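Chemist: This is a predicted model, with the sequence first.
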Amino acid sequence: GYAVAGKTSTADARLRGADANIGWFVCFAPVGDPRVVIVVALEHTGDQAHFHGADVAAPVTRSILERLPERYLDGIPGSDLRAQHRAGLATRPADTGGHE
């Protein structure tokens with residue numbers, strides 16, 4: 001029901017003595033009339049150190065945006081589409097993106 005502008009990235013790091021990375025995603029929405037900014041940064045070490053921002057942080061952000069209260073989007077076209085989508089979310093199990 002609205003456009004989002006965002007950027008993913010991955011930063012190499014050394015966390016608690018182990019090779020790691022930090023996958024992140026930053027966005028604002030809606031594009032034409034920004035009302036919210038979201039930044040998600042997730043640390044990964046060990047076997048998960050190959051995850052990137054697009055793999056983990058962007059899906060978390062999408063989940064946040066899907067559940068954004070409608071009051072933040074007052075006056076933004078697409079409220080009927082958002083209501084339909086939220087009704088569908090209520091009936092499906094939580095998506096962990098395969099990264100629990």
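Modeler: It's in.
Chemist: how about the residue nearest the centre of the chain, what does it touch?
Modeler: By Cα atoms, centre = their mean, the chain has its centre lying nearest to residue 61, at 1.1 Å. By Cβ atoms under 8 Å, 6 or more residues apart in numbering, the residues touching residue 61 are 6, 25, 27, 38, 40. Where C-beta positions appear, they are placed from N, C-alpha and C, glycine not excepted.
Chemist: Can you flag which of the residues you listed belong to helices?
Modeler: Judged by DSSP state H, helices contain none of those.
Chemist: Could you export the residues you listed as JSON lines, including distance to residue 12?
Modeler: Listed next are the contacts of residue 61 as JSON lines, based on distance: Cβ to Cβ, whole Å:
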{"residue": "6", "distance to residue 12": "21"}
{"residue": "25", "distance to residue 12": "17"}
{"residue": "27", "distance to residue 12": "22"}
{"residue": "38", "distance to residue 12": "23"}
{"residue": "40", "distance to residue 12": "18"}
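Chemist: I'd like the next helix or strand past the helix or strand containing the residue nearest to the centre of the chain.
Modeler: Using DSSP states H and E, residue 61 sits within helix 53-66. As assigned by DSSP H and E, the chain's next helix or strand after helix 53-66 is helix 79-91.
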